[in-house]
Each structure stands twice: as structure tokens, then as C-alpha cells.
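Trainee: compute the structure for the input listed below.
(2 chains)
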Amino acid sequence: MNHFVVENRFWDAEAETMPRVSLEALQLTRLRETVARAAQVPFYKRLFEKEGITPDSIRSLDDIRRLPFTTKQDMRDNYPLGLCAVPREQLIRIHGSSGTTGTPTFVGYTRKDLETWSHLCARFLVAGGLRPEHVVQVSFGYGLFTGGFGLHYGIEKVGAAIIPAASGNTPRQIMLMRDLQPDVLISTPSYALNIADVARSMGMDPRGLSLKYAHFGGEMWTEDMRAEIERQLDLFAFNNYGLSEIIGPGVSGECGLRQGMHLQEDHFLVECLDPDTLEPVGDYEYGELVITTLTREAQPMIRYRTRDIAALDPCPCPCGRTGRRMSRVIGRSDDMLIIRGVNVFPSQIEEALLSVEGASPHYLIEIDRPGALDEVTVKVEVQPALFSDKMSSMQELRDRIERKIHAYTGIHVVVELVAPTTLERSTGKAVRVVDKRGRLG
Amino acid sequence: MKIKQISMFLENKPGRLSEPCRILANAGINIVTLSLADTQQFGILRLIVQEWEKAYHLLKDAGCVVNLTDVIATEVEDRPGGLAKVLDVIEEAGLNIEYMYAFTFRKYDRAVLVFRFNDPDAAIAALQARGINVIGPVELYGNS
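Mentor: Numbers count the residues shown, from 1 in each chain, chains lettered A, B, ... in the order given. Okay, here's the model as predicted:
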């Protein structure tokens, strides 16, 4: 399985392949600097004073566990920019979270922060095959959302040509692809499937598009979905990870081996904790990622609880990068559905669906509690390849999907087959769960 | 001697059946016969039309989930015992019917039975060997 799909190149070889010992020494130095910077923020200053935390009291990386956590709620409590550690005049950019799970939160950047961010994006883009001669279509929204601008500046660093198509108006996106022949697509994975759908409806073969690589982020997806996208669009898809509260895209990204995303640990100290006990989980075990920024100036974050569930792999990678690899995000500790007492992540249902040959990656999970018990209905689009004129075959298909979902999640659901395009296609983050429990009327 | 049947996935919701019918009507395609199998959630519409290729592409292009299946049409007298006689033969031949439906011709005292078998060629041979009148597109569309 050691198979690089692109030549293994580096953007900053020294930083990316730094021996672990040097890397950890650098992390410790930078952690102390971060504590010093964070102490400029009243919210942290108060917490640090209470616990007797000073930069000098941080003696080893293990001391991270003495530091307080930061949550989304803390950001809201300090709305809009109360967690900034620099005076307003030093800010040169303000981004915000999409507000998917509540009111928006804002994040400030200094000039150096933007420079760092651009380099971090350049690193994973180059690892994933981006070259100066490429043309890149950025189909992420340009706005408060960090995806568009973050990747844009990273691509610019590398020196490739950017088509800043932004999100939406898919027929126009496809027209741009047809005419400008981009090599690389930047978007959410579900939007890539949308592009393939729309191209087909326009009478075009999506495999005939010029795309060779794609870098996906901004939402959860699965290995099966990667295979599906690669089959439909004939390209190599790479996964990257980041979040606006920390910096945006650039926290981690895949190398050409595509067996986990290398954390950029010279800039972030990453812990993986049990979301309930807040104790570290073992290597390769799933837990919540908790991230401390090591170089952010404008808005240092101490032990930010990302709510993203993933596992860390410390095993050295053949590519030579020394940053540990993180798995895909398989769920969110706050999106985790508790169904009849069982923890279920929507991504597990997605994987179950995709494991049924030819099943559609388009689905909607509806949860209701008509009586005392939770009932889950998964609406799945019927693809032509799965359709049969025989009722028995269709019922067997439905039963097979129900059994798969049970095998993947441990819960029984009702699968409802629906006609294609019944479910809304996403142009941004996909809505895949409708939870009707506790709603009145 | 096989007949092409168009099968289509339908959600069990108001208005879903009229959509394909409207598409065919607008194209001037006459439906010879149809049958509908349904469950609480979804149904399968089965259509016999003379211009099946055109109808298939029209429905497919409209985003419907459709496929083509070979079915067998047999002609019997439209009187008590007509169907029973054919079913006896099918049972005798050891053929398994996936599903079937029937309709009558307008001007004649004949009925047409449409059968879906897993192996239509074997079924045709078995039925013909036992004297059942398996009809092809010419007889079917010519009479309708």
C-alpha cells in the first residue's frame, strides 16, 4: 500500500522533516511564547493567574495538561474579538466561522499570521501535487469563511494560476473548467459530486474535464466518497484539515501516500482526548482533537476543543515528514447522535451506504421520537444502476442497506428509497441530519 | 418474440405517476398498457409502449430512474379459464413467474397476458412447445 500518487516534494523541507527531538524542543519554546502572548488576553490572564501559570512554569510539553481549555462558548462570551492578544491596529484580517452551529465567531490575523497561514497551505498543497505550472479553480466561498482566502494565498505562494470561481453557480463553474482547463479543484467533497452531477445533466462527461487533482476540506467525508469522486471526475483527491478558530485550512494535510494528514506540529500542539473524561486516548484511538496554536500572534488559542473526532498515528511516514498523521475526522463530539443510547456519527451511516455497491452518496438522516423510542429514517436516492423492475429486488436492496447500517452503527434504521434529485444538493456544507426530537408540533 | 417493458421507480407521493404520463403524452406516445407495483414508500411503474426506445430516453433525460426489461406476451381467449390454462402450462414447465399483468384488446375477444420470467428465452421455448400463443411486437401493437 506504500504508493505515492504524486512525486514527493516539499515546500519547506527543513520544517516538514525536522527530527522529532528538534521539533519537540521547538514546540516547547513556542508553547512558552504562546503562554506569554495569551497572558495579554484578559480571559487567559485571569485563568493563568488562578492556576499560577507563567511561561517559565512550562517545563515540558506534558505541562500542556496544566493549561485551561478554550471552547466555542468562550469565544462567544468574548464576542467579537475579546480573545485577541494584539491591539486592533495590528490586525490586518478578520475571518469568521460559518456559524453552522450557532452565532458566528471571529478570528483576527496579523500580517505575520497571514504569512504563516499561506506557507502552511502551500506545504500541504505541494505535498498533494500542486506545482507552479498548474491552474487551480478555487470553488470555496471567498468571504468570512477561511477556506477561500486561505487556499488562495497558499496557491499564490506556490505560484500556480488561480481561477477564483468561489462557490455556487455550478453550470458556470463547469463552463470555466471547460474553457480554462484547470488542473486542480479546491472545494468541499460534496460540491465535487455536485459538479459531476451537473456536468452530466449538461450532457458532458465529468471524466473528460481537465482536473487532475483536488484538495478537499471544510466538511466530513469518507474513503468511499473519495473513491466515488475519483471515479466520477477522474482525478486524485487529497484531504486537508483546519478550522477557522485555529487558523483555517493548513492544520494538516495529506502527502502523496494519502494515509493520514500530517499535522503541522511546528505550528500547532495537538492532543487527542476522550471528550467525556478529557484524558488522552491512546495512539490510533479516536478522541477529540484539542489544539494549541504555537505561532499565532493575533489570537493565540490555548487547548481549543475542536469537537472534531479523529485518531493520531505517530508511526514515521515513508514520505519523510515528521508531523504525526491524523485520521479523517469521523464525527463531531457535538454532532454525535445519541440514538437509543448508542453513539452514532452520520459519517458511519455514509460509509455503510457507500459500501453497498452502486449506492448513492446522497442521503438524509431523519431522527424522530414519535413515542418513547428514537426512530431513524435514512432516505437514500435510488441510482439507475441499483434499480430493478422486480419488487423483490428493490425490497432486498432496502433490506441490504438496513443491514449494512446496522453493521456499521449498531442501530436499526428504516431505509426509505427516494428518487434521485429528491434530496437537496449542497453547494456548501451538506445538511445530512434532520433531528425532529424534542420539537413541538 | 420478446417485448420491451419500461420500468420506472416512483416515490409513493401524490403527483408522481402523472409526471411520466405527461412526458409521454407530450411526445404523442400512447401507452398500450401499464401496471403498478407499490409498497408504502415506493412503487414500480411498468409500461408497454410501441415507441419504447423514444419513451425510455425521454424519461431518462427527464431524470427518471428507468430501465428496460424483456417480458413475454401471450394471447388467450377473453373468457373464464383463459388465464388458468396458461398458468397450468407454466407450472408444468417449472417456470417461475416474477410478476404478471393482463389486459384485453378493445375490439376482439382476446386478452393479453404479460409475464416477467428470469430467463425469457427458456420460457418462450417452453410455452411454445406446449401450444401457448406467444405474440411479438407486430401482433401486440398492431392489435392495440
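
Trainee: leaving out the residues flanking it, which one is nearest to the residue of chain A found nearest chain B?
Mentor: Using Cβ to the nearest Cβ, residue A:389 is the residue of chain A that sits closest to chain B, at 3.3 Å. Backbone N, C-alpha and C define where each C-beta goes, glycine included. Of all residues not flanking residue A:389 in the chain, residue B:7 sits nearest, at 3.3 Å (Cβ to Cβ, 6 or more residues apart in numbering or on different chains).

Trainee: who touches that neighbour in this structure?
Mentor: A:387, A:388, A:389, B:44, B:45, B:46, B:47, B:66, B:67, B:68, B:69 (Cβ atoms under 8 Å, 6 or more residues apart in numbering or on different chains).

Trainee: and the pLDDT at the last one?
Mentor: The predicted structure scores residue B:69 at 94 on the pLDDT scale.

Trainee: quick one: which helix or strand includes it?
Mentor: strand B:66-77 (DSSP states H and E).

Trainee: partner strands of that strand, with direction?
Mentor: strand B:2-11 (antiparallel), strand B:110-117 (antiparallel), strand B:133-135 (antiparallel) (DSSP bridges).

Trainee: what is the rounded mean pLDDT of the second one?
Mentor: What that stands for is strand B:110-117. Here the average pLDDT along strand B:110-117 is 92.

Trainee: from the chain's centroid, how far away is it?
Mentor: Counting by Cα atoms, centre = their mean, to the nearest Å, strand B:110-117 is centred 7 Å from the centre of its parent chain.

Trainee: where along chain A do the helices fall?
Mentor: For chain A, the helices defined by DSSP state H cover A:13-16, A:20-38, A:42-51, A:72-77, A:111-127, A:146-158, A:170-180, A:189-201, A:223-233, A:346-354, A:391-409.

Trainee: what sits against the residue of chain A closest to chain B?
Mentor: B:5, B:7, B:44, B:46, B:67, B:69, B:116.

Trainee: near residue A:279, how many other residues are there?
Mentor: Residues contacting residue A:279 under the criterion other Cβ atoms under 10 Å in any protein chain shown number 9.

Trainee: partner residues bridging the residue nearest to it when sequence neighbours are not counted?
Mentor: Leaving aside its sequence neighbours, residue A:279 sits nearest to residue A:273 (Cβ to Cβ, 6+ apart; 6.4 Å). On the basis of DSSP bridges, residue A:273 is bridged to residue A:280, residue A:288.

Trainee: surely residue A:273 touches residue A:281?
Mentor: Yes - Residue A:273 lies in contact with residue A:281 (Cβ atoms under 8 Å); the separation is 6.6 Å.

Trainee: contacting residues around the residue nearest to residue A:279?
Mentor: Residue A:273 neighbours (Cβ under 8 Å, 6+ apart): A:279, A:280, A:281, A:287, A:288, A:290.

Trainee: rewinding a little: of the contacts of residue B:7, closest to residue A:403?
Mentor: residue A:388 (17.8 Å; Cβ to Cβ).

Trainee: next up, the contacts around that closest one.
Mentor: Per Cβ under 8 Å, 6+ apart, neighbours of residue A:388: A:394, A:397, B:7, B:67.

Trainee: and the last one, how many neighbours does it have?
Mentor: Summarising burial for residue B:67: neighbours were counted as other Cβ under 10 Å, giving 16.

Trainee: which of the contacts of residue A:273 are buried?
Mentor: A:281, A:287, A:288, A:290 (16 or more other Cβ atoms under 10 Å in any protein chain shown).

Trainee: for the contacts of residue B:7, work out which two are farthest apart.
Mentor: So, the contacts of residue B:7 by Cβ to Cβ: farthest apart are A:388 and B:47, at 15.4 Å.

Trainee: do me a favour and get the end-to-end distance for stretch A:142-151?
Mentor: 10 Å (Cα to Cα, to the nearest Å).

Trainee: show me how far the longest strand along chain A is from its chain's centre.
Mentor: The strand that spans the most residues within chain A, counting by DSSP state E, is strand A:304-313. How far strand A:304-313 lies from its chain's middle: 11 Å, per Cα atoms, centre = their mean.

Trainee: return the residues of chain A in contact with chain B.
Mentor: A:201, A:382-384, A:387-392, A:394-395, A:416-422 (Cβ under 8 Å from any Cβ of the partner chain).

Trainee: can you pull out the helices in chain B?
Mentor: Per DSSP H, chain B has helices spanning B:18-26, B:52-61, B:82-92, B:120-129, B:137-143. These are given in chain order.

Trainee: follow-up on the earlier one: make a PyMOL selection of the buried ones in the contacts of residue B:7.
Mentor: Only the buried entries of these go into this PyMOL selection, using 16+ other Cβ under 10 Å:
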select buried, (chain A and resi 387+388+389) or (chain B and resi 44+45+46+47+66+67+69)
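
Trainee: thinking again about what came up before, check which helices and strands the longest strand of chain A sits against.
Mentor: Using 3 or more Cβ pairs under 8 Å, 6 or more residues apart in numbering or on different chains; DSSP states H and E, the elements in contact with strand A:304-313 are strand A:236-243, strand A:268-273, strand A:286-293, strand A:325-326, strand A:331-332.

Trainee: so can I have a markdown table of those strands showing mean pLDDT?
Mentor: A markdown table is the format used below for these (pLDDT from 0 to 100):
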| stretch | mean pLDDT |
| --- | --- |
| strand A:236-243 | 97 |
| strand A:268-273 | 97 |
| strand A:286-293 | 95 |
| strand A:325-326 | 98 |
| strand A:331-332 | 81 |
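
Trainee: which one of the buried ones among the contacts of residue A:273 is nearest residue B:26?
Mentor: Of all the buried ones among the contacts of residue A:273, residue B:26 sits closest to residue A:288, with 56.0 Å by Cβ to Cβ.

Trainee: residue A:391: how many residues sit nearby?
Mentor: Should you count by other Cβ under 10 Å, residue A:391 turns out to have 16 residues around it.

Trainee: what's the separation between it and residue B:9?
Mentor: Separation of residue A:391 from residue B:9 (Cβ to Cβ, to the nearest Å): 11 Å.

Trainee: overlap in contacts of those two?
Mentor: residue B:44.

Trainee: comparing the helices of chain B by mean pLDDT, which bottoms out?
Mentor: helix B:137-143 (a mean of 78).

Trainee: mind giving me the packing neighbours of that one?
Mentor: Partner elements for helix B:137-143 (3+ Cβ pairs under 8 Å, 6+ apart): none found.

Trainee: circling back to that earlier point, so how far is residue B:110 from the residue nearest to residue A:389?
Mentor: From residue B:7 over to residue B:110 (counting by Cβ to Cβ), the distance is 25 Å.

Trainee: give me the residue from chain B nearest chain A.
Mentor: residue B:7 (3.3 Å).
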